[in-house]
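[1] Just need the structure, nothing else, for what follows:
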Amino acid sequence: MLLEHCRSDPRITARLRENPSLLERLVTVYTRVEIQRLWTLRNAWLSSTGRQVPYAGPQLLLYSKVLGNELLSDILAILGPCALTDDPEWGFDEGFFEIGQRGGLCTAPAGTPEALKIVISRALALGRQPAGSR
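    A predicted model of the protein is given here:
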């Protein structure tokens, strides 16, 4: 959706032409979201084949939470202040990006990033192990 807006909205296209570093940020956003999509496909494939990879789900969830927070500033820089309004004349998609901006700040549901790192490390048998598992 972001890429389509960047292609079709003349305001964004002009911003990208005037500032090549914004185009680089857009490529980074696209690449990182593609990585997330591919990990999701990998996890679905692992599940469908019956393979047990205990860290796969927490790994994707951790990446998604960290990615969400990191993309907030990139998307705002690319779209400009119009991304933060649902104004019919100045906003995009009835405030869709503004809702995403606020939603990206929520990292606690299903575990904080720090808790997910502990789950992953235990699944990989790294670091301290729970008592009785030695």
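
[2] Quick one: end-to-end distance for stretch 4-20.
    In stretch 4-20, first residue to last residue: 18 Å (C-alpha to C-alpha, to the nearest Å).

[3] Check the offset of it from the chain's centre.
    A distance of 21 Å separates the centroid of the chain from that of stretch 4-20, by C-alpha atoms, centre = their mean, to the nearest Å.

[4] what does stretch 9-24 give?
    Mean C-alpha position of stretch 9-24 versus that of the full chain (C-alpha atoms, centre = their mean) differs by 21 Å.

[5] Pull out the buried positions in it.
    Buried residues in stretch 9-24, counted by 16 or more other C-beta atoms under 10 Å: 12, 15-16, 22. All C-beta spots, glycine's among them, are computed from the backbone N, C-alpha and C.

[6] cool, and stretch 44-63?
    Those would be 55-63, for stretch 44-63 by 16+ other C-beta under 10 Å.

[7] C-alpha coordinates for that stretch, PDB please?
    Output in PDB follows, covering the C-alpha atoms of stretch 44-63 (Å, rounded to 0.1, in the frame of the first residue of the first chain):
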ATOM      1  CA  ALA A  44       3.500 -21.500   7.400                       C
ATOM      2  CA  TRP A  45       5.500 -24.000   5.400                       C
ATOM      3  CA  LEU A  46       7.200 -25.400   8.600                       C
ATOM      4  CA  SER A  47       3.800 -25.800  10.200                       C
ATOM      5  CA  SER A  48       2.300 -27.500   7.100                       C
ATOM      6  CA  THR A  49       5.100 -30.000   7.000                       C
ATOM      7  CA  GLY A  50       4.900 -30.800  10.700                       C
ATOM      8  CA  ARG A  51       8.400 -29.600  11.400                       C
ATOM      9  CA  GLN A  52       8.900 -28.400  15.000                       C
ATOM     10  CA  VAL A  53      11.000 -25.200  15.200                       C
ATOM     11  CA  PRO A  54      10.200 -23.800  18.600                       C
ATOM     12  CA  TYR A  55      11.900 -20.400  18.000                       C
ATOM     13  CA  ALA A  56      10.200 -19.700  14.600                       C
ATOM     14  CA  GLY A  57       7.100 -18.100  15.900                       C
ATOM     15  CA  PRO A  58       8.800 -15.900  18.600                       C
ATOM     16  CA  GLN A  59      11.500 -15.000  16.100                       C
ATOM     17  CA  LEU A  60       8.900 -13.600  13.600                       C
ATOM     18  CA  LEU A  61       7.000 -11.900  16.400                       C
ATOM     19  CA  LEU A  62      10.100 -10.200  17.700                       C
ATOM     20  CA  TYR A  63      11.100  -9.100  14.200                       C
END
